[in-house]
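A.B. asks: Make a model of this:
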Amino acid sequence: MFPAAVLYPSNVNDIIDLIKFSYDLSVPFHVAARGHGHSIRGQAMAHNGVIVEMNSLNNNNDNDNNNNNNENCGIRVSWDSELGFYADVGGEQLWIDVLRTTLEYGLAPISWTDYLYLTVGGTLSNAGISGQTFRHGPQITNVHEMDVITGKGDFVTCSKDMNSELFFAVLGGLGQFGIITRARIVLDKAPTRVKWVRLLYDDFSKFTKDQEHLISIDGLDYVEGSLMLEQSSLNNWRSSFFPPSNQTKIASLLSQNKIMYCLEMVKYYDDHTTSTIDEELKKLVKGLNYLAGFMFKKDATFVEFLNRVRSGELELQSKGMWAVPHPWLNLFVPKSSIMDFNVAVFVDIILRQNKATGPILVYPTYRKKPLLRINLISGSSTIPPPHLTIEEHDSFEDESLDAHPMDSEDHSMELEDLIFSEEAREECGLGSQTNHTFSEGTNF
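C.D. replies: Next comes the predicted model:
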C-alpha cells in the first residue's frame, strides 16, 4: 500500500496538472488526496500511485475578506441576498479553523462532527454526522457549491443547479468522483454559550424513546447518546464531563447494572436568552424517563462544547496512544431493529464478552428530515433498498461502534440513489465501473 510519490501542491493547478498527466497515460496511476490522515485502512494511500498532501495548500492561503488575489481559497466569509451568510472554504481546511474564522464575524456552520481536526474535503467526502444531524442534516446537506477536480483533471464548479450530478456524486462519494478544492458552507448566527446535559438510564427502551421524543420537538440543538460500561472510564476521550464529586455515585450504579445509557443534549444560548435558558431547559427535560438523581448539567462556551474532544486527544498524544491502530465502525440501524441490536450487540457481545472499552455512540436521526443522500454505484439499474448502511470511520480508542436509530414508521427513508451511467462516469474521468482513476481514498 505504499505510494510511488507524494505531491505537495502549492496551488490547485499543481493538482490539475498531476491528474491530467495520469489521465493521458495508457495506464493511469492511482491518485489519493490526503487531508489530516484520519481515513481508515490506509485509504489515503495510493499503491504505486501519488498521494496529494492537501495540507500543503495552506502554505499559500490567506484567510481574509479583503479580496486579495490569493492562489487558494482559504476561508472567506461572505453574504448573498439569496444564500445569506456563507463561507468559501478550501477543501484542505480544518473544521476547527473554519469555526475560529467564522466566529470572528459572529457566525458559524450549523452541522458538525464530534471531532473538529478533520478537513472540510474529508468529511464532505463521507457525510459529516454529529448530534446536530437530526436538526440540520449531515454536513453534506449544508453545502451550496463546490469546486472539484475530476478524474480527467477538469476544474468544475458544481451545485444542485449547476453540474448537479457531479455535485451530488462528490458529496458523500468517498473521494471516487473528484477532489474537493473549495466548498461553500452554510453559516448562521453563532451562539456564545451552551447548556450541556447528560441523563443516565438503565433501560434501553426508555433511553431510545426519550431520544426520539427530543428530536421530534423544536427545542434542542444537539442530541446524542452513548453506552457506559463498567470496564470503561466514566470520562473518556470525548470529554471530561462528570465532576469528581459524582463519579463514585455513578460508578456504584454501573457496578450494579454493568451497562448504562447516557443521553446527551445541548441547548444553545446567548446574552439575549440568558434569563430564559434555564426555564426552557427545565421544560425540555420534563417528562423524560431518566433515573432520578442522575441528571448532570454543565455550562460551557460554544467553542468549548464543539471542541470537546480536543483535550482527550492531547491526553492520548501525551501517552503515545493517539496513533495506535484501532477498529471503528458506523452503522445506520432502523428503529424496527434497534431493540434487537441492543440485546445482540450491546449486551451479548460488547458487555458479556467484554469486547470494547472505547466510546460507543448512539445518534438519533430522521430518515426523511433532512434527507440523507447515499451514493450507490452499480452497473445494474435495479438495486434493492438497503435496510442497513455500514460506514467505517476513524476513532481514537480501542474499539467503537456508532448506532443511529432511525424511525421506520413515521419517517420512512427515501434514498436519493445516484446510479451513474457509463457516460456519466466517463465525463468524470472514471472510466468503466471497475477501473477507477482514483484510489479508494478519501481526503479526510
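A.B. asks: Pick out the residue nearest the middle of this protein.
C.D. replies: residue 128 (2.4 Å; CA atoms, centre = their mean).
A.B. asks: that's a strand at that one, yeah?
C.D. replies: No - using DSSP: H, G, I helix; E, B strand; the rest coil, the assignment for residue 128 is coil, not a strand.
A.B. asks: close enough to count as contact, it and residue 111?
C.D. replies: Yes - Residue 128 is within contact range of residue 111, at 6.3 Å (criterion: CB atoms under 8 Å). Just so you know, the C-beta spots here come from the backbone N, C-alpha and C atoms, and that holds for glycine as well.
A.B. asks: Show me the common contact partners of the two, please.
C.D. replies: 138-139 (CB atoms under 8 Å, 6 or more residues apart in numbering).
A.B. asks: that older thread, how far away is the residue nearest to the centre of the chain from residue 10?
C.D. replies: Using CB to CB, to the nearest Å, residue 128 is found at 28 Å from residue 10.
A.B. asks: ok, now residue 329?
C.D. replies: 37 Å.
A.B. asks: Kindly report the same for residue 146.
C.D. replies: 21 Å.
A.B. asks: Same question for residue 189.
C.D. replies: Residue 189 is 36 Å from residue 10, by CB to CB.
A.B. asks: try residue 284
C.D. replies: To residue 10, residue 284 is 50 Å away according to CB to CB.
A.B. asks: More neighbours: those two, which one.
C.D. replies: residue 284 (18 against 12; other CB atoms under 10 Å).
A.B. asks: isn't there a strand covering that one?
C.D. replies: No - if the criterion is three-state DSSP, then residue 284 is helix and not within a strand.
A.B. asks: Run through the residues that contact it.
C.D. replies: So residue 284 contacts 214, 217, 219-220, 265, 267 (CB under 8 Å, 6+ apart).
A.B. asks: With respect to residue 306, which of the residues you listed is nearest?
C.D. replies: For the contacts of residue 284, the residue nearest residue 306 by CB to CB is residue 267; the value is 14.2 Å.
A.B. asks: Just the helices from this protein, written as ranges.
C.D. replies: For the chain, the helices defined by DSSP state H occupy 12-24, 95-103, 120-124, 133-136, 164-170, 204-216, 244-257, 277-285, 302-306, 310-318, 335-341, 422-428.
A.B. asks: Excluding chain neighbours, give the residue nearest to the residue nearest to the centre of the chain in space.
C.D. replies: In space, residue 128 comes closest to residue 139 once its chain neighbours are excluded; the distance is 2.6 Å by CB to CB, 6 or more residues apart in numbering.
A.B. asks: What is the neighbour count of residue 336?
C.D. replies: Neighbours of residue 336 (other CB under 10 Å): 13.
A.B. asks: now do the one 4 residues further on
C.D. replies: Other residues near residue 340 come to 10 when the count uses other CB under 10 Å.
A.B. asks: repeat for residue 29
C.D. replies: By the measure other CB under 10 Å, the count of residues near residue 29 is 19.
A.B. asks: From residue 51, how far off is it?
C.D. replies: Taking CB to CB, one finds residue 29 at 11 Å from residue 51.
A.B. asks: lowest-pLDDT helix or strand in the chain?
C.D. replies: Scoring the helices and strands of the chain by mean pLDDT, DSSP states H and E places strand 389-391 at the bottom, with a mean of 28.
A.B. asks: how far does stretch 263-271 sit from the chain's center?
C.D. replies: With CA atoms, centre = their mean, to the nearest Å as the basis, stretch 263-271 stands 20 Å off its chain's centre.
A.B. asks: could you dump it to PDB, C-alpha only?
C.D. replies: Output of stretch 263-271 as PDB, limited to C-alpha atoms (Å, rounded to 0.1, in the frame of the first residue of the first chain):
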ATOM      1  CA  LEU A 263     -28.400  10.700  26.800                       C
ATOM      2  CA  GLU A 264     -26.600  13.900  25.900                       C
ATOM      3  CA  MET A 265     -28.400  17.100  25.000                       C
ATOM      4  CA  VAL A 266     -27.400  20.700  24.400                       C
ATOM      5  CA  LYS A 267     -29.300  23.900  24.100                       C
ATOM      6  CA  TYR A 268     -27.500  27.000  22.700                       C
ATOM      7  CA  TYR A 269     -28.000  30.400  24.100                       C
ATOM      8  CA  ASP A 270     -26.500  34.000  24.100                       C
ATOM      9  CA  ASP A 271     -26.800  37.200  26.000                       C
END
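A.B. asks: Can you name the residues in contact with it?
C.D. replies: 131, 191-201, 207, 210-211, 214, 219-226, 277, 280-281, 284, 288, 290, 302, 305.
A.B. asks: ok, of these, which come out buried?
C.D. replies: 131, 191-201, 207, 210-211, 214, 220-226, 277, 281, 284, 288, 290, 302, 305 (16 or more other CB atoms under 10 Å).
A.B. asks: what about the stretch 201-350 of the chain, any weak spots by pLDDT?
C.D. replies: The model of the stretch 201-350 of the chain has pLDDT under 70 over residues 233-240.
A.B. asks: let's go with 90 and repeat that
C.D. replies: Low-confidence segments of the stretch 201-350 of the chain, defined by pLDDT under 90: 218, 229-255, 311-313, 315-317, 319-332, 349-350.
A.B. asks: Just give the number of residues close to residue 272.
C.D. replies: Using other CB under 10 Å, residue 272 has 8 neighbouring residues.
A.B. asks: same question but for residue 6, I mixed them up
C.D. replies: Residue 6: 12 neighbours (other CB under 10 Å).
A.B. asks: Is it bridged to anything, and to what?
C.D. replies: Under DSSP bridges, the beta-bridge partners of residue 6 are residue 51.
A.B. asks: My guess is it contacts residue 50. True?
C.D. replies: Yes - taking CB under 8 Å as the definition, residue 6 is a contact partner of residue 50 at 7.0 Å.
A.B. asks: Relative to residue 267, how far out is residue 298?
C.D. replies: Here residue 298 is placed at a distance of 12 Å from residue 267 (CB to CB).
A.B. asks: Between the two, which is the more surrounded one?
C.D. replies: Neighbour count, other CB under 10 Å: between residue 298 and residue 267, residue 267 has more, with 20 against 16.
A.B. asks: out of everything not next to it in sequence, what's closest to the more buried one?
C.D. replies: residue 195 (4.7 Å).
A.B. asks: related to what we said a few turns ago, okay, the residue nearest to the centre of the chain: pLDDT?
C.D. replies: Residue 128 carries a pLDDT value of 92.
A.B. asks: residue contacts, it?
C.D. replies: Residue 128 touches 111-113, 138-140, counting by CB under 8 Å, 6+ apart.
A.B. asks: ok, which pair from those residues is furthest apart?
C.D. replies: The farthest-apart pair in the contacts of residue 128, when distances are taken by CB to CB, is 112 and 140, at 12.6 Å.
A.B. asks: Give me the more crowded residue out of those two.
C.D. replies: residue 112 (26 against 23).
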